[in-house]
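Asker: Curious how this folds, go ahead:
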Amino acid sequence: MLKLKMPLSDSFYDVNGGILEQVDRTGNHNLCYVRVNLPANSTVNVSISSDTSANEDPELIPIPLQIKAIYPNPLRGQGRLEVQSDKAFKKVHLELFNLRGQKVRDLEYHDIKQGLNLLDLKLELSSGVYLFRVKGMPGKAYKVVFIK
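Answerer: Next up, the predicted model:
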């Protein structure tokens, strides 16, 4: 298992020469864990790439809609999602990923108003750690723990 330190971003990773097992986005850097089949006395080339632009400065990018909180956290099936919006949206998509970076749900919410919005959340998932993010928006993913 390789642990690769990557720049902090909400991008998705493409790995050659291994299998992306997990992406930890909770610290100052993204940590990508890549499983590599490495036979004895051999070498393997592994590369990882992302879809981010090196010129993007997250401090300069306005974020019109962002997740502020999920509660309770840990979550048992249902809870609330708190999102802050700089403008009104007719429709918003939220994506939920497992720690392997695989999308497990695509949630759709309607009539998001400017300001603070409380959205009901009802999900049946396996116990584990998941990441929420607003589809098509810059900003950090929000970590939530599900307990069955």
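Asker: What are the contacting residues of the lengthiest strand in the chain?
Answerer: In the chain, taking DSSP state E as the definition, the longest strand is strand 65-76. Identification of contacts with strand 65-76 by C-beta atoms under 8 Å, 6 or more residues apart in numbering yields 79-86, 89, 92, 94, 112, 116, 121, 123, 132-134, 137, 139, 142, 144-148. C-beta here means a position set from N, CA and C on the backbone, and glycine is covered the same way.
Asker: Kindly report the same for stretch 23-39.
Answerer: 1-10, 13, 15, 17-22, 44, 46, 48, 99-101, 131, 140-141, 143.
Asker: Repeat that for stretch 94-111.
Answerer: Identification of contacts with stretch 94-111 by C-beta under 8 Å, 6+ apart yields 12-13, 20-24, 67, 81, 88-93, 119, 121, 123, 125, 128-135, 141.
Asker: And for stretch 136-147?
Answerer: By C-beta under 8 Å, 6+ apart, the residues outside stretch 136-147 that reach it are 8, 10, 25-26, 56, 58, 61, 63-67, 69-70, 73-76, 93, 97, 123, 125-133.
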